[in-house]
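In: whatever this is, show me its structure:
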Amino acid sequence: MATAVGAVHDPELRRPLAELGMVRGTEVDADGVARIALALTIVGCPAAARIEREVTEAASAVGGVTSVAVELGVMTPQERAEVVARVRGGRAMRFGPGTLTRVFAITSGKGGVGKSTLAANLAVAFAARGLAVGVLDADVHGFSIPGLLGLAGARPTRVDELVLPPSAHGVAAISIGMFTGGDEAVSWRGPKLHRTIEQFLTDVHFGDLDVLVVDLPPGTGDIAISIGQFLPNAEVVVVTTPQPAAASVAERSGRLARRLGQHVVGVVETMSGLPQADGSVLELFGSGGGETTAQRLSVDGDPVPVLGRVPISVALRAGGDAGAPIVATDPTDPAARAILGIADALLARGRGLAGRPLL
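Out: Okay, here's the model as predicted:
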């Protein structure tokens, strides 16, 4: 009984209940009634109902059990502190040099090019491939990840100083929009922005991730520099539209990333024409921006490819407005197919060993 119950995972901490010390007692009486005492991390734990349901299911599957009674309690401050220390494992910055998590930073030279929509859909595409995925919305002034993932109004759970991010579509996400009102303007300057990003990377517990997607703000300002300092190991994807003017601006964000020691792994062109019923493509924003940006960012021995071109799609826009990423809701849409292809291209890339321990 204890083994079955202890193997149930806390959906927010992503660890077995036994490992977290949340199982206070289990017993089965002569009539087959299983009585289980659990200690939740906080009062009003949002995962309480799910934990109780999954514990009941696990206990019911044990031979000889006729019914299950679960008693929910709350950890003491000392027990909670021990859980936080156990989960952190003594390492605050989990995604910097040496991490086993692949970090993809999505950047652009200017706003309005579909960078955040691409970031959200890429994260969901990675999750659909069976990977553990998180999204860090670093666009503090123009946050949009919560809405794009259907997490508008969602709030993280706090366990002492540990922050547990909400999830949707198999992706755990954190954004300043989850701490402020959805329509509240954030008007912060450099030092506070830097501290916010640092807290996102140290206090937020994503669990053991295969991939972390970072949605950067457009341009080459404070946050892009902070991310470069905290995550010099990030693989940077530059987003541009087909317009030559947009391409020249996008190039700057890629060059900044390279100066900060990050690796520019490719360019994605968005709004790459509007498919017509007769099979032709209406190039509303011109053409060639992706190729131009890739060529300008390529250097000897380090070519930068065009990873893909995402066509204009009404369904892509509608999915973003509804918090339903198109790669999950309509993977046959041309834009979804393009993004899924980009996700596969990124995952297929070899990964350098720089900054990583070999043993």
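In: does the nearest residue to residue 143 once chain neighbours are set aside count as helix, strand or coil?
Out: Excluding the flanking residues, the one nearest residue 143 by C-beta to C-beta, 6 or more residues apart in numbering is residue 177, at 4.1 Å. Glycine gets a C-beta too; all of them are placed from N, C-alpha and C. Here residue 177 is helix, with the state taken from DSSP: H, G, I helix; E, B strand; the rest coil.
In: what backbone torsions are found at the spatially most central residue of the chain?
Out: The residue lying closest to the centre of the chain (C-alpha atoms, centre = their mean) is residue 135, at 1.8 Å. The phi/psi pair for residue 135 (degrees, to the nearest 10) reads phi -130, psi 130.
In: who's it bridged to?
Out: Bridge pairing for residue 135 (DSSP bridges) gives the partners residue 173, residue 213.
In: show me what contacts the residue nearest to residue 143?
Out: Residues near residue 177 by C-beta atoms under 8 Å, 6 or more residues apart in numbering: 137, 143-147.
In: 10 Å instead?
Out: 137, 139-140, 142-147, 151-154, 183-184, 186 (C-beta atoms under 10 Å, 6 or more residues apart in numbering).
In: between those residues, which is nearest residue 36?
Out: For the contacts of residue 177, the closest approach to residue 36 (C-beta to C-beta) belongs to residue 154, at 29.0 Å.
In: grab the nearest non-local neighbour of that closest one.
Out: Per C-beta to C-beta, 6+ apart, closest to residue 154 is residue 166, 4.1 Å.
In: just give me the neighbour total for that neighbour.
Out: Counted with other C-beta atoms under 10 Å, the neighbours of residue 166 add up to 20.
In: likewise for residue 63?
Out: Residue 63: 6 neighbours (other C-beta under 10 Å).
In: tell me if it really is in a strand.
Out: No: read with three-state DSSP, residue 63 is coil and lies in no strand.
In: quick one, what contacts it?
Out: For residue 63, counting by C-beta under 10 Å, 6+ apart, the contacting residues are 1, 32.
In: show me where the stretch 251-359 of the chain has helices.
Out: Assigned by DSSP state H, counting those that start in this stretch, the helices in the stretch 251-359 of the chain fall at 289-297, 314-322, 326-329, 334-348.
In: so which of those helices gets nearest residue 231?
Out: Nearest to residue 231, of the helices of the stretch 251-359 of the chain and by C-beta to C-beta, is helix 334-348 at 15.9 Å.
In: hey, what's the angle from the closest one to helix 314-322? Just curious.
Out: 80 degrees (axes from the mean of the first three to the mean of the last three C-alpha atoms, to 10 degrees).
In: chain center to helix 334-348, what's the gap?
Out: With C-alpha atoms, centre = their mean, to the nearest Å as the basis, helix 334-348 stands 17 Å off its chain's centre.
In: can you show me the CA trace of that helix as CSV?
Out: The C-alpha trace of helix 334-348 is given here as CSV (Å, rounded to 0.1, in the frame of the first residue of the first chain):
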residue,chain,number,x,y,z
PRO,A,334,0.1,24.9,-43.3
ALA,A,335,1.4,27.1,-40.5
ALA,A,336,1.2,24.2,-38.0
ARG,A,337,3.1,21.9,-40.4
ALA,A,338,5.8,24.6,-40.8
ILE,A,339,6.2,25.0,-37.0
LEU,A,340,6.3,21.3,-36.4
GLY,A,341,9.0,21.1,-39.0
ILE,A,342,11.0,23.8,-37.3
ALA,A,343,10.7,22.0,-34.0
ASP,A,344,12.0,18.8,-35.6
ALA,A,345,14.8,20.7,-37.2
LEU,A,346,15.9,22.2,-33.9
LEU,A,347,15.7,18.8,-32.1
ALA,A,348,17.7,17.1,-34.8
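In: good, we can wrap up now.
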